[in-house]
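Peer 1: Just need the structure, nothing else, for what follows:
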Amino acid sequence: MSKAERFALPQAPRLGGAARDAAVDFYFNSWRLVPANVVWGCLLFLLILTGAYQALGALLLSPTLAIPAAGIYRLAALIVRGEPVALSDAFDAYRRYLRRALALGFIATAGSTVLVINIATGFLTNGEPPGWAHATAASWGLIILWAWLVTAWPLIVDPRREGTRLREDMRLAGALLIALPLRIAALSLLTALTMAVSTVLFAALMTIAVAYCALLGCRYVLPAADRLEGRATVLLSD
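Peer 2: Okay, here's the model as predicted:
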């Protein structure tokens, strides 16, 4: 058997194909995904109500949104990997991936808060070029953070990566971001646009948007991660 046969890599993902496959996945699994998305949406609604009375309290509780998000991404990863899947897998993920989800939730909340404050400070309180440069750097930091989160979520719940440590998944997400900057940027942009449009159509955000974005991310990130790790295996074997 040739080396190419022994170390066959999965096909490189394409954004259009991933978006189409994610839509098909959602169609056939909507009865599992929609309830999981609704749980996330109800928590979001509670946080919005909390924020109307106590903004700081809502901000401190924001990382908890990552718990139902872990359930949605777990369903998506199981579907994409062709594993048996049931709605109960989402609820089981709340407990199983609690620490990982809260870690990503805290990183997302803390990182976004600090960067948004830096952007506002740079643009609003300092009209000089150093202030603009500071705000621009913070803006790029926010974009990179979003792209890293979009990449990391599918990895931390991947059934084929059971037993890996959280920092290994985080490191792999960073490696994908470095290895495929344009591809991950395109994925992140499409995910952001989907969430933005769904925010205007609030019912879509509450019921389908996160589930679709999770399927899209898993359809794109997991094959890319397999290729990157497979390529490393080939190099180590030489």
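Peer 1: CA atoms for contacts and neighbours, from now on please.
Peer 2: OK.
Peer 1: What is the helix of greatest length in the chain packed up against?
Peer 2: For the chain, the longest helix by residue count, based on DSSP state H, is helix 15-53. For helix 15-53, the packing partners by 3 or more CA pairs under 8 Å, 6 or more residues apart in numbering; DSSP states H and E come out as helix 55-61, helix 66-80, helix 87-96, helix 181-200, helix 210-237.
Peer 1: Check which residues of the last one are buried.
Peer 2: Judged by neighbour count using 16 or more other CA atoms under 10 Å, the buried positions of helix 210-237 are 210-228, 230.
Peer 1: residues touching residue 172, list them.
Peer 2: 152, 225 (CA atoms under 8 Å, 6 or more residues apart in numbering).
Peer 1: coming back round to it: residue 155: which of the helices and strands packed on helix 15-53 is closest?
Peer 2: helix 210-237 (7.0 Å; CA to CA).
Peer 1: I'd like the average pLDDT over the closest one.
Peer 2: What helix 210-237 shows for mean pLDDT is 84.
Peer 1: Give me the angle between it and helix 181-200.
Peer 2: 170 degrees (axes from the mean of the first three to the mean of the last three CA atoms, to 10 degrees).
Peer 1: For helix 210-237, which helices and strands make contact with it?
Peer 2: Checking 3+ CA pairs under 8 Å, 6+ apart, helix 210-237 ends up next to helix 15-53, helix 66-80, helix 129-156, helix 166-179, helix 181-200.
Peer 1: Check the gap between the most centrally placed residue in the chain and residue 63 for me.
Peer 2: By CA atoms, centre = their mean, the chain has its centre lying nearest to residue 150, at 3.0 Å. Counting by CA to CA, to the nearest Å, the separation of residue 150 from residue 63 is 15 Å.
Peer 1: Check residue 224 too.
Peer 2: 27 Å.
Peer 1: quick one on the thing from earlier: pipe the helices and strands packed on helix 15-53 into CSV and attach distance to residue 166 per row.
Peer 2: Output for the helices and strands packed on helix 15-53, formatted as CSV (distance: least, CA to CA, whole Å):
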stretch, distance to residue 166
helix 55-61, 22
helix 66-80, 14
helix 87-96, 13
helix 181-200, 20
helix 210-237, 15
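Peer 1: how about those, which one is nearest residue 139?
Peer 2: That would be helix 181-200 among the helices and strands packed on helix 15-53, by CA to CA, at 14.3 Å.
Peer 1: If we go by neighbour counts, what in the next helix or strand after that closest one is buried?
Peer 2: Following helix 181-200 in sequence order, the next helix or strand is helix 202-204 (DSSP states H and E). For helix 202-204, the neighbour count (16+ other CA under 10 Å) marks residue 204 as buried.
Peer 1: what sits up against helix 202-204?
Peer 2: Counting by CA under 8 Å, 6+ apart, residues outside helix 202-204 touching it are residue 198.
Peer 1: from the chain's centre, how far out does that helix sit?
Peer 2: 19 Å (CA atoms, centre = their mean, to the nearest Å).
Peer 1: One more: stretch 167-178?
Peer 2: That offset, for stretch 167-178, works out to 13 Å (CA atoms, centre = their mean).
Peer 1: ok, back up a step: which of the helices and strands packed on helix 210-237 sits most buried?
Peer 2: helix 66-80 (a mean of 27; mean count of other CA atoms under 10 Å).
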